[in-house]
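K.L.:
Mind folding the following:
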Amino acid sequence: MEDKEGADSAPSAGIDPSATTLALAGASRAEADAFLRDQRKLINLQAQELSHELGLRHWSLWVRHASGLLKLGLELSAGLLLLALVAGLGIMVWNASRAEGLVVETFSVPPSLAAAGITGEAISEDVTDHISDFRASTEGRTYVTNGSIRQDRGEDIKVEIPETGVSLTQVWRTLKSWLGSERHLRGSLRPDGDGRIRLAVALDGETSASFSGPTGDLEKIEQQAAEHVYALVESTNYLLYLNSNGRGDEALAAAAKLAEAARTPEERGYRYGMWAEFTQWVSGDFALAMTRIRLSIAADPTASIGYLSAWRIAALLSHQEDWLRRANEILSIQERDQWSSDHGGGSARMRRAVRSARDEVQGDYAAYAVDTCDSNCAYSVSLLANARAAAQMHDPTGSRTLIAQALAAGSNSDWELAFVRTHADMAARDWKTAIRDAGAYEAAVDARKPQPGYKAALKLNNGQVWLAEATAQTGDSAGGETLIAATPLDCDACVLVRGRIAALKHDWAGAARWFAMVSARTPHIPFADSDWGAMLLARGKPDDAIEKFKLANQKGPHFADPLEGWGEALMAKNQSHLALAKFAQAEKYAPNWGRLHLKWGEALAYSGKKDDAAKQFTRAATLDLTPSEKSELAGMRPHV
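P.N.:
Numbering: from 1, shown residues only. Predicted coordinates for the structure are as follows:
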């Protein structure tokens, strides 16, 4: 086969080579040269023809290759387009399934009213604005989210789907109605005779309602209709809205109505929890609120609302162990078991707030400062929270700086400002100013909208406690005792102040009795044991003090006070070298505590580490010290 192909492709195909040889042998030189020239011409022509044929064949192959590539590209494009369409449809279906919230459609209005400027779009816009304002008034005080609220202005994309006459808008709305939980509000405004008008509203899945009044009261009528709708779409936040606007009795009545209408265990769990919340806020009847909390938890043990209500009551009444226990219960509950409105951001904010409270009640103030506020917090609120944490970490100057920044950053309520200022005063041991700010706190609480029972608890378990300690610290022990005697014995903070006032009088037995009472009922809270250790150290019993500081440290390992006290107790035992580790550990949790650095420097000096002692004394001099601590520092510095 190969020989045949070689013969066919030879330049002298069709000529017998042996005959050519014989002819050339008998020919003259001139004839032979002529014959060779003819052969060369023939070969050249055949070469040109072959070259042309190869070119054509190469071009044909290139065209065929390009055609294949083009066909492949078209097939890939079609595939990608189909994939994009499928992906787009999938995204649309996904988004439609997550569509939620309220859409206010354009209200219908008769021509007579429209001619007077009362258009359907204006009415729907007013109702939308009212509902948005209601929601804004509850920002920062709710963990419930129910999607967006928007007015339907017909601004969707109008892309027609070929051969169907159906727009993309219609497809999108149909998908949302099938798969999502978005609710539409429709309404109409009509004359009602005698110069009156009637506004009717109808929300998906609910019976319609109407509101009437004089034409001049249109805005009032719109607000009534908007409140009715808001109560249906965000019942929890509606209660908060009423309460924050001085309508606590209405909020409590509405909460009772919701609870009584509950039919399923989930509804009863959630709604009885909310009823308990408003029972404590409005009436201050905490025993009744706890009864309703127990009903909530019994109906649905997986719902966080009952535990959340109990947690708030425990915090308000200073039931510290119960406060911690409820916080841990809330954090153990799964988000998937909650109402859908509590999922996502709302649930995350709630858990963050609970974590911060757990940190605070165990003395971990650095963690409290981190957890107490998230990205949804107003910056001024975040600054104020950090100011409180700084005060609790014995940094009054830092606290006051943050308070000033919070004031510059935005508005804060008078009672919250007075609350944090009092903490900064007590951290600075500025007792006269603390009395003034504690009084301002009580006055600001009194000025809040009517909530007599709740306000009484706030004043008794916060303001009265601070006033009692500050009064005693100014030298008026009898005045302090009179103030603290009015506080309840089940309030842990109240009993601890009783103990601290007794210790000021050197009533060691009385102080121990009060501290022992709180220590026994707070097995996971460090404050009573820390105060008890400080009292024993002041009494001159460092070994007994160390035992209490050890126990406090076990309960609150990130609480600086027992670690610092432990270090001072070791110094009292002439074991300054052992105290160094305790001071170093305490500094992690209270880095700007002036007394800590002063005592650390003293321990270093007694341990023969004068250079290190000088550094600590220099640091202490830049921080807050009491007059007696400044004198102590002045006496130590010449010796290093």
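
K.L.:
Low-confidence stretches in this protein?
P.N.:
Within the chain, the stretches with pLDDT under 70 are 1-27, 32, 35-36, 85, 88-101, 138-181, 335-346, 371-376, 411, 449-450.

K.L.:
and the longest helix anywhere in it, what does it pack onto?
P.N.:
Identified as the longest helix of the chain according to DSSP state H is helix 29-97. Counting contacts by 3 or more Cβ pairs under 8 Å, 6 or more residues apart in numbering; DSSP states H and E, helix 29-97 packs against helix 17-26, helix 168-179. From N, CA and C alone the C-beta is placed, and that goes for glycine too.

K.L.:
Could you double-check that residue 223 sits in contact with residue 130?
P.N.:
Yes - assessed by Cβ atoms under 8 Å, residue 223 is found in contact with residue 130 at 5.5 Å.

K.L.:
who touches both of those two?
P.N.:
Taking Cβ atoms under 8 Å, 6 or more residues apart in numbering as the contact rule, residue 223 and residue 130 have no neighbour in common.

K.L.:
In contact with residue 333, which residues are there?
P.N.:
Neighbouring residues of residue 333 by Cβ under 8 Å, 6+ apart: 302, 303, 304, 307.

K.L.:
repeat that for 6 Å
P.N.:
Residue 333 makes contact with residue 304, according to Cβ atoms under 6 Å, 6 or more residues apart in numbering.

K.L.:
Secondary structure element for residue 421, which one?
P.N.:
Per DSSP states H and E, residue 421 falls inside helix 414-427.

K.L.:
ok, now residue 185?
P.N.:
strand 183-193.

K.L.:
Past that strand, which element shows up next along the chain?
P.N.:
strand 196-203.

K.L.:
which of the residues in the helix or strand following that following strand are buried?
P.N.:
Sequence order places strand 209-214 as the next helix or strand after strand 196-203, per DSSP H and E. Buried residues in strand 209-214, counted by 16 or more other Cβ atoms under 10 Å: 209, 210, 211, 213.

K.L.:
Stretch 558-576 now?
P.N.:
Buried residues in stretch 558-576 (16+ other Cβ under 10 Å): 558-572, 575-576.

K.L.:
again, but for stretch 199-218
P.N.:
199, 200, 201, 202, 203, 209, 210, 211, 213, 218.

K.L.:
got it, and stretch 544-559?
P.N.:
Quick answer for stretch 544-559 (16+ other Cβ under 10 Å): 544-549, 551-553, 555-556, 558-559.

K.L.:
OK, contacts around residue 544?
P.N.:
Taking Cβ under 6 Å, 6+ apart as the test, what residue 544 contacts is residue 536.

K.L.:
ok, then the element right after whichever strand or helix holds it?
P.N.:
Assessed by DSSP H and E, residue 544 sits inside helix 542-555. Counting by DSSP H and E, the next helix or strand C-terminal to helix 542-555 is helix 560-572.

K.L.:
Counting by contacts, list what that following helix packs against.
P.N.:
Contact partners of helix 560-572 among helices and strands, from 3 or more Cβ pairs under 6 Å, 6 or more residues apart in numbering; DSSP states H and E: helix 527-538, helix 542-555, helix 576-587, helix 594-606.

K.L.:
Quick one: closest of the ones you listed to residue 75.
P.N.:
Across the helices and strands packed on helix 560-572, residue 75 has its closest neighbour in helix 576-587 (69.8 Å, Cβ to Cβ).

K.L.:
Taking their axis directions, that closest one and helix 560-572 sit at what angle?
P.N.:
170 degrees (axes from the mean of the first three to the mean of the last three Cα atoms, to 10 degrees).

K.L.:
Return the list of helices and strands in contact with helix 576-587.
P.N.:
helix 560-572, helix 594-606.

K.L.:
buried sites along the helix or strand following the last one?
P.N.:
Read it as helix 594-606. Using DSSP H and E, the helix or strand that directly follows helix 594-606 along the chain is helix 610-621. Across helix 610-621, burial judged by 16+ other Cβ under 10 Å covers 612, 613, 614, 615, 616, 617, 619, 620, 621.

K.L.:
Does the first one touch residue 605 like I think?
P.N.:
The one in question is residue 612. No - applying Cβ atoms under 6 Å, one finds residue 612 not in contact with residue 605, separated by 8.8 Å.

K.L.:
how's the protein carved up into domains?
P.N.:
According to automatic domain parsing, the chain comprises the domains 29-97, 98-234.

K.L.:
Just want the phi and psi numbers for residue 525.
P.N.:
The phi/psi pair for residue 525 (degrees, to the nearest 10) reads phi -120, psi 130.

K.L.:
what sits against it?
P.N.:
Contacts of residue 525 by Cβ under 6 Å, 6+ apart are 320, 321.

K.L.:
separation between it and residue 427?
P.N.:
Relative to residue 427, residue 525 is positioned 20 Å away (Cβ to Cβ, to the nearest Å).

K.L.:
Same question for residue 203.
P.N.:
In terms of Cβ to Cβ, residue 203 sits 52 Å off from residue 427.

K.L.:
Which parts of the stretch 251-400 of the chain are helices?
P.N.:
Listed in chain order, the helices of the stretch 251-400 of the chain (DSSP state H, counting those that start in this stretch) span residues 265-278, 286-299, 304-316, 320-332, 345-361, 365-371, 379-392, 396-409.

K.L.:
State the helix or strand in which residue 412 lies.
P.N.:
Here residue 412 is assigned to no helix or strand, by DSSP H and E.

K.L.:
tally of neighbours for it?
P.N.:
Neighbours of residue 412 under the rule other Cβ atoms under 10 Å: 18.

K.L.:
for it, what are its contacts?
P.N.:
With the criterion set at Cβ under 6 Å, 6+ apart, residue 412 makes contact with 380, 384, 406.

K.L.:
how much space between the closest residue to residue 529 other than its chain neighbours and residue 570?
P.N.:
Leaving aside its sequence neighbours, residue 529 sits nearest to residue 552 (Cβ to Cβ, 6 or more residues apart in numbering; 3.8 Å). Separation of residue 552 from residue 570 (Cβ to Cβ) stands at 15 Å.

K.L.:
coming back round to it: now distance to residue 64 too, for the buried residues of helix 610-621, in a markdown table please.
P.N.:
Formatted as a markdown table, the buried residues of helix 610-621 follow (distance: Cβ to Cβ, whole Å):
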| residue | distance to residue 64 |
| --- | --- |
| 612 | 86 |
| 613 | 91 |
| 614 | 90 |
| 615 | 85 |
| 616 | 87 |
| 617 | 91 |
| 619 | 84 |
| 620 | 89 |
| 621 | 90 |
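
K.L.:
Pull out the buried residues from stretch 455-466.
P.N.:
455, 457, 458, 459, 460, 461, 462, 463, 464, 465, 466.

K.L.:
how about the first one, secondary structure?
P.N.:
In other words, residue 455. helix (DSSP: H, G, I helix; E, B strand; the rest coil).

K.L.:
That one against residue 443, yeah?
P.N.:
No - using Cβ under 6 Å, residue 455 makes no contact with residue 443, being 11.2 Å away.

K.L.:
and of the buried residues of strand 209-214, the nearest to residue 517?
P.N.:
residue 209 (55.6 Å).

K.L.:
which residues does that closest one form a beta bridge with?
P.N.:
residue 201 (DSSP bridges).

K.L.:
Please tell me I have it right and it contacts residue 227.
P.N.:
No - when contacts are counted by Cβ under 6 Å, residue 209 is not listed as touching residue 227 (10.6 Å).

K.L.:
picking that back up, got a winner among the contacts of residue 412 for most neighbours?
P.N.:
residue 384 (29 neighbours).

K.L.:
Identify the residues contacting that residue.
P.N.:
406, 412, 420.

K.L.:
Quick one: those residues as JSON lines, columns for distance to residue 590 too.
P.N.:
Putting these into JSON lines (distance: Cβ to Cβ, whole Å) gives the following:
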{"residue": "406", "distance to residue 590": "21"}
{"residue": "412", "distance to residue 590": "25"}
{"residue": "420", "distance to residue 590": "17"}
